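S.K.: have a look at this fold, sequence not included:
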């Protein structure tokens with residue numbers, strides 16, 4: 001049987017590789033990856049059938065690479081370093097796209113890219129059907145059990161993170177004893193954890209919570225936890241990293257478990273009803 005060709009827009013870190021590995025296990029996909037210079041892990045070539053290397057900002061070349069190879073569907077996975085988004089040298093197609101946007105955030109930019117792909121007959125789809133094995137549900141926990149104070153902070157942080165994410169600011173907050181210490185913005189999760197942990201003081205004990213925003217478009221961005229996340233928590237006095245169950249990827253599970261156990265960090269999947277009045281159910 002002829003394999004279906006799937007396109008992969010591959011950013012940095014290990015998620016694009018994990019997707020390719022899991023998709024290959026099904027045995028039905030031919031995978032063509034568009035990879036970005038100075039961003040994508042070169043090992044991606046070991047897991048896909050073909051790699052086309054481009055610079056960040058070469059939108060027309062990226063789309064043409066898929067169109068010329070008969071790609072009708074693609075996924076977008078991995079990150080692009082924020083500094084490279086500002087250092088990029090956009091081609092004419094990317095410049096026109098950016099010029100049309102009144103607001104320039106992840107949702108609007110990636111949504112516009114999806115529309116550009118669609119013009120060439122390529123549909124941007126969710127990768128979650130292949131990634132479900134990496135998305136733990138309620139009851140998942142690594143490291144120490146939560147104490148009553150931390151449990152309360154997790155509930156509080158979950159609500160705050162849900163509200164902040166609606167404003168397109170970020171999806172992670174750091175709290176301690178009912179006080180918000182840090183909110184993720186453009187700098188990314190690691191820097192948010194470092195800032196929040198430092199503000200918790202020498203005693204540590206900060207709690208971080210990461211969520212998917214309401215109506216989160218999983219085509220563009222899936223909340224992710226990896227071993228580096230847990231290391232950053234340990235290095236900065238963050239005792240708990242909680243994430244939204246069923247909507248967050250845990251990558252490098254064995255490494256995450258080893259780090260959580262060694263450093264005494266609780267990594268837990270949670271789910272609360274986010275209420276409009278500021279409480280959590």
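M.R.: Looks like it arrived, so ask away. What you see is a predicted model; the values in this text were computed from it and never measured.

S.K.: contacting residues around stretch 39-52?
M.R.: 8, 10-14, 16-17, 20-21, 24, 30-35, 53, 56, 61-62, 65, 69, 78, 80-81, 84 (CB atoms under 8 Å, 6 or more residues apart in numbering). Every residue, glycine included, has its C-beta placed from N, CA and C.

S.K.: stretch 214-221 too?
M.R.: Outside stretch 214-221, the residues that touch it by CB under 8 Å, 6+ apart are 75-76, 106-107, 110-111, 114, 124-128, 162, 165-166, 212, 247, 274.

S.K.: residue 214: neighbour count?
M.R.: The tally of other residues near residue 214 (other CB atoms under 10 Å) stands at 10.

S.K.: per-residue pLDDT of it, please?
M.R.: Looking at residue 214, its pLDDT is 76.

S.K.: straight-line length of stretch 137-149, end to end?
M.R.: The straight-line separation of the ends of stretch 137-149 (CA to CA, to the nearest Å) is 22 Å.

S.K.: just the buried subset of the contacts of stretch 39-52, written out for ChimeraX, thanks.
M.R.: In ChimeraX, this line selects whichever of these come out buried by 16 or more other CB atoms under 10 Å:
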select :8,10,11,12,13,14,16,17,20,24,30,31,32,33,34,35,53,56,61,62,65,78,80,84
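
S.K.: correct me if wrong: residue 196 contacts residue 182.
M.R.: Yes. Counting by CB atoms under 8 Å, residue 196 does reach residue 182; the two are 3.2 Å apart.

S.K.: common neighbours of the two, please.
M.R.: With CB under 8 Å, 6+ apart, residue 196 and residue 182 have common neighbours 173, 174.

S.K.: the nearest residue to residue 170 once chain neighbours are set aside: neighbour count?
M.R.: Spatially, and ignoring its direct neighbours in sequence, residue 170 is nearest to residue 184 (3.1 Å; CB to CB, 6 or more residues apart in numbering). Burial of residue 184, expressed as a neighbour count using other CB under 10 Å, amounts to 24.

S.K.: list the residues that contact residue 184.
M.R.: Here residue 184 is in contact with 164, 169, 170, 171, 172, 173, 192 (CB under 8 Å, 6+ apart).

S.K.: 6 Å instead, please
M.R.: 170, 172, 192 (CB atoms under 6 Å, 6 or more residues apart in numbering).

S.K.: what sits against the second one?
M.R.: Translated: residue 172. Residues in contact with residue 172 (CB under 6 Å, 6+ apart) are 184, 189, 192, 210.

S.K.: among these, which are in helices?
M.R.: Within the contacts of residue 172, residues falling in helices by DSSP state H are 189, 192.

S.K.: pull the most distant pair out of the contacts of residue 172.
M.R.: Distance extremes for the contacts of residue 172: the farthest pair is 192 and 210 at 9.5 Å, using CB to CB.

S.K.: where do the strands sit along this structure?
M.R.: 4-10, 29-36, 50-54, 73-77, 123-124, 141-142, 172-176, 179-183, 206-210, 224-225, 238-244, 249-250, 266-270 (DSSP state E).

S.K.: show me the shaky parts of this structure.
M.R.: Applying pLDDT under 70 to the chain flags the ranges 1-3, 28, 81-88, 105-106, 274-281.

S.K.: would you map out the domains in it?
M.R.: 4-131, 135-270 (automatic domain parsing).

S.K.: from residue 49, how far off is the closest residue to residue 67 other than its chain neighbours?
M.R.: Nearest residue to residue 67 in three dimensions, chain neighbours excluded: residue 120, at 4.8 Å (CB to CB, 6+ apart). Distance, residue 120 to residue 49, using CB to CB, to the nearest Å: 20 Å.

S.K.: neighbour count for these two, which is higher?
M.R.: Set side by side, residue 120 and residue 49 show more neighbours around residue 49, with 16 against 13, by other CB under 10 Å.

S.K.: measure that one to residue 78 for me?
M.R.: Remark: distance between residue 49 and residue 78 (CB to CB) = 18 Å.

S.K.: ok, and the closest non-adjacent residue to residue 127?
M.R.: Residue 127 sits nearest to residue 75 (CB to CB, 6+ apart), 4.0 Å away.

S.K.: might one say that the one you found is in contact with residue 128?
M.R.: No. Applying CB atoms under 6 Å, one finds residue 75 not in contact with residue 128, separated by 9.3 Å.

S.K.: neighbour count: these two, which is higher?
M.R.: More crowded of residue 75 and residue 128, by other CB under 10 Å: residue 75, with 24 against 16.
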